[in-house]
Each structure stands twice: as C-alpha cells, then as structure tokens.
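Undergrad: return a 3D structure for these sequence lines:
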Amino acid sequence: MTIDWTAEARRMNQGHRFDEWSGRTGEQYREPTPPPLSESEIREAEEELGITFPAEYRDHLLRHSAGGAVNRLRRGAAGWVWHGDSETNYDLITTDFPHPDSYRAHEDELDGREPVRGHFADDSAFQRAWDDWDAEYGVHQERKTAGAVFIREHGCGFHALLVVTGPHRGTMWFDGRASCDQILPLTLGGRPLSFADWLDQGQPMPW
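TA: You can find the predicted model right below:
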C-alpha cells in the first residue's frame with residue numbers, strides 16, 4: 001500500500017498542543033514555583049491524556065510542584081498540557097517509547113533512499129520525490145519520541161525526555177538530535193536514570 005507521507009505528516013503534526021508560553025524557552029522557569037496538583041487534578045489529567053504518570057513524577061506533582069524545575073503541567077484552553085512545551089505529541093503519548101536500537105536499521109535504509117537530483121529527469125520530478133521523502137523522514141523523527149514528554153528545555157534545541165509509556169516508562173532520556181542526531185539514555189552508575197534521580201542530580205545532560 002502506498003502511503004501519502006505528506007498527509008501522514010500533516011495528521012501527525014496535529015498531535016501537538018500550544019499555549020501562550022509555547023516556544024518561549026526558559027521563561028516559564030522564571031515564574032514562581034507553582035503549587036502541587038490535587039489528587040483529583042492528577043487523575044483528571046491522566047484520564048484525559050490516556051496514561052498513568054510514572055510514580056516518581058506523580059509524587060512530584062502531588063507533593064512538590066506542578067512544575068518547578070520542569071515544564072508545568074496545567075489545564076488550559078487545549079486541555080491538560082505541559083506549559084511552554086510545543087514538542088510533545090499528545091496523539092503519540094500512549095504509544096510505547098521506542099528504544100533507538102529498534103529503529104536504527106530503518107533509519108539507515110531511509111537515509112539511503114534520500115533522493116538525488118541526478119537520478120531524476122527534471123527538477124519537478126526530483127522535488128516531488130524529495131518532498132515525499134522529507135515528509136516520511138519527518139514522520140519517522142516524530143515517532144522517535146512516542147510515549148515520552150518533553151519535560152524540560154535545555155536550550156539550543158536540546159530537551160530532557162520523561163518516558164511515560166512502554167518498557168522504559170519512568171526513565172529519563174536526552175534528545176540531542178540538534179547536534180548528534182541521537183536520543184540518548186541518561187544513566188547513573190550504569191543504570192537508567194529515574195525522574196527523582198534526575199532531579200536530585202541537577203537535571204544532568206549526557207556530557
């Protein structure tokens with residue numbers, strides 16, 4: 001079956017939610033630390049989002065703050081959102097987060113199919129092929145962070161990810177695609193870094 005990748009990319013992009021803070025890097029962290037959420041608010045958010053928050057993050061929301069060192073979870077016009085985050089795909093949040101090993105071969109195959117101008121009879125044929133490939137590549141990139149929340153912006157396109165769905169649920173990852181084209185696990189003493197450990201360690205990056 002032939003897939004219309006442009007349509008698929010457009011459909012997938014609809015999974016993003018935006019509020020007045022979206023894309024304003026760092027400004028939300030200068031707000032006063034917001035109060036915790038109530039148990040009923042957390043349950044409402046979980047029901048709407050279709051997930052159960054990892055235990056350590058849930059404890060943070062209930063006992064410490066709805067935000068603080070991380071993007072604030074709040075109810076807005078678009079429903080429950082992580083305030084200031086325009087990267088999390090809410091349509092994919094219930095899908096298991098994929099380990100990078102699971103898509104490495106597909107990514108190599110996709111890279112190998114990037115259209116080359118000299119292989120086409122004219123510019124318009126090349127442009128159509130490249131647009132379709134680019135849309136497919138965009139969908140592939142979007143799926144890399146399924147089941148994860150962009151929990152903190154580190155600037156320059158770098159993000160900390162909290163996995164909320166799948167076998168890696170509750171662990172922290174680093175989206176370094178802005179420079180190294182990789183999503184990397186955050187570890188402590190060789191073991192996956194949990195949300196609470198990540199906070200205790202000062203929200204470290206992998207270098």
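
Undergrad: could I get the pLDDT score of Q28?
TA: Listed pLDDT for Q28 reads 52.

Undergrad: so how far is the longest strand seen in the chain from its chain's centroid?
TA: Using DSSP state E, we find that the single longest strand of the chain is strand 148-155. When distances are taken as C-alpha atoms, centre = their mean, to the nearest Å, strand 148-155 is centred 7 Å away from the chain's centroid.

Undergrad: export it as PDB, just CAs?
TA: The C-alpha trace of strand 148-155 is given here as PDB (Å, rounded to 0.1, in the frame of the first residue of the first chain):
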ATOM      1  CA  ALA A 148       7.600  10.500  26.100                       C
ATOM      2  CA  VAL A 149       7.100  14.000  27.400                       C
ATOM      3  CA  PHE A 150       9.500  16.800  26.600                       C
ATOM      4  CA  ILE A 151       9.800  17.600  30.300                       C
ATOM      5  CA  ARG A 152      12.500  20.300  30.100                       C
ATOM      6  CA  GLU A 153      14.000  22.500  27.500                       C
ATOM      7  CA  HIS A 154      17.800  22.800  27.900                       C
ATOM      8  CA  GLY A 155      18.200  25.500  25.100                       C
END
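
Undergrad: name the helices or strands packed onto it?
TA: strand 79-82, strand 158-163, strand 172-175 (3 or more C-beta pairs under 8 Å, 6 or more residues apart in numbering; DSSP states H and E). For the C-beta atoms, the positions are set from N, CA and C on the backbone; glycine is no exception.

Undergrad: make JSON lines from the ones you listed and add mean neighbour count to it.
TA: Listed next are the helices and strands packed on strand 148-155 as JSON lines, based on neighbours: other C-beta atoms under 10 Å:
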{"stretch": "strand 79-82", "mean neighbour count": "20"}
{"stretch": "strand 158-163", "mean neighbour count": "24"}
{"stretch": "strand 172-175", "mean neighbour count": "23"}
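
Undergrad: out of those, nearest to F126?
TA: F126 lies closest to strand 172-175 among these, at 31.0 Å (C-beta to C-beta).

Undergrad: could you point out which element follows the closest one?
TA: Per DSSP states H and E, the first helix or strand lying C-terminal to strand 172-175 is strand 183-185.

Undergrad: residues in contact with that following strand?
TA: Here strand 183-185 makes contact (C-beta atoms under 8 Å, 6 or more residues apart in numbering) with 100, 144-145, 161, 171-177, 192-193, 206.

Undergrad: buried set for the helix or strand harbouring A9?
TA: For A9, the host element (DSSP H and E) is helix 5-13. Neighbour-count burial for helix 5-13 flags W5, A9, M12 (criterion: 16 or more other C-beta atoms under 10 Å).
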